[in-house]
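*Asks:* quick one: sequence plus predicted model below, questions after.
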Amino acid sequence: MSLVIVLAIIVLVLGAAAALFATQRSRDSQRAVGFLARETKSRDTARRGGAAAPEADPAPSTGKEVELATAEARRGSSELAAAGPTAPVEWVPPDEDSRGVARRQFMNRGIIAGFGLGIGGFAPAALAFLWPQGTSGFGSKISVGKVSELKNQVGQNNGFLYYPEGRMWITEFPAASLDNARKVYSPSELAGMEAGLVALYQKCPHLGCRVPECATSQWFECGCHGSQYNRVGEKKAGPAPRGLDRFAMAIEGDTFTVNTGIIIQGPAIGTNTTGQEAEGPHCISGGAAH
Ligand code: FES
């Protein structure tokens with residue numbers, strides 16, 4: 001569908017450009033008919049008693065000169081008959097029809113030019129909007145950072161690092177719980193856990209609220225209906241049907257990469273690989289399990 005739109009825009013732009021080009025050519029042609037040839041000017045000057053001698057007419061070398069020569073030839077001959085003296089003629093204003101045509105031409109060209117400019121301005125914006133975006137941002141694979149630096153940041157943020165570009169939370173996964181994790185989680189989840197990190201989708205699997213961290217309990221606690229999850233996203237209480245969903249993770253070199261295009265469903269209710277209990281007061285009262 002987007003390809004069709006792009007093609008339509010390209011056709012419109014080309015059409016507008018062709019119309020503008022045709023208008024410009026027509027104007028140039030009309031202007032060429034209105035010029036006097038150099039030879040004619042020289043002859044006129046000589047006739048008026050001027051000292052200038054007729055110049056040899058060089059062969060046309062530019063497009064404009066070729067057009068002038070062609071227009072001259074179309075009028076019959078480059079040798080114009082000498083005009084005799086004429087009596088002064090009373091000035092007659094141009095008739096209204098001629099003026100109307102000139103106005104219509106002006107309006108037509110103005111409309112075509114405006115249309116062309118409008119399309120010319122709209123097309124780049126439309127193309128920029130439709131053009132495939134880069135590989136960063138939610139839905140793509142994100143290089144979040146070096147593992148050691150991320151662990152430092154998680155510690156500095158009281159155990160929870162929010163990464164808005166990927167709509168995810170990053171927390172530490174304790175090395176002591178890896179044996180338990182290997183019985184539950186898939187290889188693409190374990191790739192991050194074995195490096196000590198886990199990337200959790202911020203969206204509550206109950207009804208989709210964004211789940212905030214609770215600094216005192218060191219759990220995630222959803223303010224909508226009270227679902228609670230431990231720090232690695234395993235469900236502890238509330239109506240949620242499972243633990244927090246998470247993303248496919250990988251370590252490339254020493255960089256933690258998260259594929260936010262692959263959402264892995266959270267662990268089943270009852271999964272508790274870390275055994276982490278609430279470490280302080282809850283931020284919300286725990287909702288009853290449904
Ligand atoms: S949306 Fe989170 S508990 Fe309902």
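*Replies:* Noted; the coordinates are in hand. None of the values given here were measured: they were computed from a predicted structure.

*Asks:* show me where the protein has its helices.
*Replies:* Counting by DSSP state H, one finds helices in the chain at the ranges 2-33, 38-47, 63-74, 96-130, 147-156, 178-182, 187-193.

*Asks:* now the second one: buried residues?
*Replies:* What that stands for is helix 38-47. 39, 42, 43 (16 or more other CB atoms under 10 Å). The way it works is simple: take the backbone N, C-alpha and C, and place the C-beta from them, glycine included.

*Asks:* of the residues you listed, closest to residue 228?
*Replies:* Nearest to residue 228 out of the buried residues of helix 38-47 is residue 39 (CB to CB; 97.7 Å).

*Asks:* I'd like the distance between that closest one and the ligand.
*Replies:* For residue 39, the distance to the ligand (CB to the nearest ligand atom, to the nearest Å) stands at 90 Å.

*Asks:* if we can go back for a sec, what's the closest of the buried residues of helix 38-47 to residue 273?
*Replies:* Nearest to residue 273 among these, counting by CB to CB, is residue 39 at 98.7 Å.

*Asks:* quick one on the thing from earlier: what's the most buried one of the helices of the chain?
*Replies:* For those, the largest average neighbour count (mean count of other CB atoms under 10 Å) is found in helix 187-193, namely a mean of 18.

*Asks:* still on that earlier bit, per-stretch mean pLDDT over the helices of the chain, give me the minimum one.
*Replies:* Among these, helix 2-33 carries the lowest mean pLDDT, at a mean of 66.

*Asks:* look up the closest residue to residue 162, ignoring the ones flanking it.
*Replies:* Leaving aside its sequence neighbours, residue 162 sits nearest to residue 169 (CB to CB, 6 or more residues apart in numbering; 5.9 Å).

*Asks:* right, and the one you found touches residue 163 too?
*Replies:* Yes: between residue 169 and residue 163 a contact is recorded at 7.4 Å, counting by CB atoms under 8 Å.

*Asks:* quick revisit: who's the residue nearest to residue 162 bridged to?
*Replies:* Beta bridges link residue 169 to residue 162, residue 200, judged by DSSP bridges.

*Asks:* of all of the stretch 51-200 of the chain, which residue lies closest to the ligand?
*Replies:* Nearest residue of the stretch 51-200 of the chain to the ligand, counting by CB to the nearest ligand atom: residue 200, 13.5 Å away.

*Asks:* contacts only, for that residue.
*Replies:* By CB atoms under 8 Å, 6 or more residues apart in numbering, the residues touching residue 200 are 168, 169, 170, 171, 220, 232, 233, 244, 245, 246, 247.

*Asks:* residue 163 and residue 171 touch, don't they?
*Replies:* No: when contacts are counted by CB under 8 Å, residue 163 is not listed as touching residue 171 (11.0 Å).

*Asks:* of those two, who's got more company?
*Replies:* Counted by other CB atoms under 10 Å, residue 163 and residue 171 do not tie: residue 171 has more neighbours, with 22 against 19.

*Asks:* quick one: pLDDT of that one?
*Replies:* 97.

*Asks:* check the offset of stretch 141-161 from the chain's centre.
*Replies:* Taking CA atoms, centre = their mean, to the nearest Å, the mean C-alpha location of stretch 141-161 is offset from the chain mean by 30 Å.

*Asks:* same question, stretch 268-279
*Replies:* In terms of CA atoms, centre = their mean, the centre of stretch 268-279 is set 44 Å apart from its chain centre.

*Asks:* mind putting the contacts of residue 200 in CSV, distance to the ligand included?
*Replies:* Shown next, in CSV, are the contacts of residue 200 (distance: CB to the nearest ligand atom, whole Å):
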residue, distance to the ligand
168, 16
169, 14
170, 20
171, 18
220, 10
232, 17
233, 13
244, 10
245, 12
246, 16
247, 19
